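Asker: pasting the structure only:
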């Protein structure tokens, strides 16, 4: 069967992502070219260095799906259930991102190289988006007085930690069901907010 005359960039990047996630930073551009069905020369015409290829292959969407759904959550249902559902989405997202983040770290790729030096990186956008959602819940009286950015960082940090520990095998040594972890984290956060609010009154 004849090879396609034109290989799109997204086909090359998909092949590169698969190869680098399977084999790590020691994977060669020759392996990527074979998987993509192109010559190594074609690869380097589009991506000048291996590092540039890795960065392009590992880039995430501009906005994670969990962020897009935040406005629709405001004022809906019980807040603890909304936060629990949101944490489940966050853990799923960071579970998908964990191997990419580990690869970037092992390749010594700095955050500004990955996201660009002249724009707000997605981790910052994520904190801001979650803080805005929490502030909206606060305005409705569903969340007590607190620093919403701190609460956002706690929820994001806990979700990242659970996903990364799962990725690195820590959860196998110290198992905790995801549902238990989420329920406990949300309860702890909301109790802390309620406690802070009572001190301020």
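Answerer: In hand now; what should we look at? Fair warning: this is a prediction, and the values are worked out from it, not measured in the lab. Numbers count the residues shown, from 1 in each chain.

Asker: Pull out the buried positions in the longest helix anywhere in the chain.
Answerer: For the chain, the helix with the greatest residue count under DSSP state H is helix 79-106. For helix 79-106, a neighbour-count test (16 or more other Cβ atoms under 10 Å) marks 79, 82-87, 90-91, 93-95, 97-104 as buried. Backbone N, C-alpha and C define where each C-beta goes, glycine included.

Asker: For it, name the packing helices and strands.
Answerer: Contact here means 3 or more Cβ pairs under 8 Å, 6 or more residues apart in numbering; DSSP states H and E; on that basis helix 79-106 packs against helix 9-23, helix 50-58, helix 65-68, helix 70-73, helix 148-167, helix 178-200.

Asker: Apply 7 Å and report the result again.
Answerer: Helix 79-106 is packed against helix 9-23, helix 50-58, helix 65-68, helix 148-167, helix 178-200, with contacts defined by 3 or more Cβ pairs under 7 Å, 6 or more residues apart in numbering; DSSP states H and E.

Asker: ok, residues contacting the third one?
Answerer: I take that to be helix 65-68. 86, 89, 90, 93, 126, 129 (Cβ atoms under 7 Å, 6 or more residues apart in numbering).

Asker: go on, stretch 168-178?
Answerer: 91, 162, 165.

Asker: TSV please, covering the helices and strands packed on helix 79-106 and showing mean pLDDT, mean neighbour count and distance to residue 139.
Answerer: As requested, those are exported to TSV (pLDDT from 0 to 100; neighbours: other Cβ atoms under 10 Å; distance: least, Cβ to Cβ, whole Å):
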stretch	mean pLDDT	mean neighbour count	distance to residue 139
helix 9-23	89	17	41
helix 50-58	87	18	37
helix 65-68	89	16	19
helix 148-167	95	18	10
helix 178-200	86	14	14
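
Asker: rewinding a little: from the contacts of helix 65-68, pick the one nearest residue 191.
Answerer: Proximity of the contacts of helix 65-68 to residue 191 (Cβ to Cβ) peaks at residue 86, which lies at 17.6 Å.

Asker: tell me the SS of the closest residue to residue 71 other than its chain neighbours?
Answerer: Nearest residue to residue 71 in three dimensions, chain neighbours excluded: residue 133, at 7.5 Å (Cβ to Cβ, 6 or more residues apart in numbering). Secondary structure assignment for residue 133 (DSSP: H, G, I helix; E, B strand; the rest coil): helix.

Asker: Report the separation between residue 133 and residue 73.
Answerer: Here the criterion is Cβ to Cβ, to the nearest Å. By it, residue 133 lies 6 Å from residue 73.

Asker: for residue 30, same thing?
Answerer: 47 Å.

Asker: tell me the contacts of the most centrally placed residue in the chain?
Answerer: Against the mean C-alpha coordinate of the chain, by Cα atoms, centre = their mean, the closest residue is residue 94 at 4.2 Å. Under the criterion of Cβ under 7 Å, 6+ apart, the neighbours of residue 94 are 159, 160, 163.
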